[in-house]
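Undergrad: Sequence below, structure please.
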Amino acid sequence: MSKTNMISEDVTSNTVVTIINVQDLDDGENGKVQCVLNKNVPFSLKSTENHFYSLVTDSDLDRESASEYNITVTCSDEGVPSLSSSVTL
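TA: Predicted structure coming up:
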């Protein structure tokens, strides 16, 4: 699933762009999930409450240097073997 969202280039750092809900129904270590973003994007993920992450700006956006971003969020569980899933925003 992919989504598109317009963001003004004059937003300040730490502006929430979207909130992501991540769930793994397994118990124990298999149910623990870590999420990361692709590199070289001016965004970061912040863990909020149980199973939620906020995607926030972590630097200035400059339309002249990049008019759009493809942000891939990859979440992996801590099971053996580890399973993962990705979504591009």
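
Undergrad: Quick check: closest non-adjacent residue to Glu29.
TA: Counting by Cβ to Cβ, 6 or more residues apart in numbering, Glu29 lies nearest to Glu78, which is 4.6 Å off, once chain neighbours are set aside. (C-beta placed from N, C-alpha, C; glycine too.)

Undergrad: That neighbour contacts Asp27, correct?
TA: No - if you go by Cβ atoms under 8 Å, Glu78 and Asp27 don't touch, sitting 11.7 Å apart.

Undergrad: Give me the contact list for stretch 11-31.
TA: Applying Cβ atoms under 8 Å, 6 or more residues apart in numbering, the external contacts of stretch 11-31 come out as 3, 5, 7, 32-33, 35, 43, 45, 48, 51-61, 73, 75, 77-79, 87, 89.

Undergrad: Next, the contact list for the residue nearest to Glu29, please.
TA: Here Glu78 is in contact with Glu29, Asn30, Lys32, Val33, Gln34 (Cβ under 8 Å, 6+ apart).

Undergrad: Tell me the confidence at it?
TA: pLDDT, Glu78: 89.

Undergrad: Then Ser85?
TA: So, for Ser85, pLDDT stands at 92.

Undergrad: Using the three-state scheme, assign it.
TA: strand (DSSP: H, G, I helix; E, B strand; the rest coil).

Undergrad: ok, the nearest residue to it once chain neighbours are set aside to Phe43 distance?
TA: Excluding the flanking residues, the one nearest Ser85 by Cβ to Cβ, 6+ apart is Cys75, at 5.8 Å. Cys75 sits 15 Å away from Phe43, going by Cβ to Cβ, to the nearest Å.

Undergrad: can you check Ser84 too?
TA: From Ser84 to Phe43 the distance is 19 Å (Cβ to Cβ).
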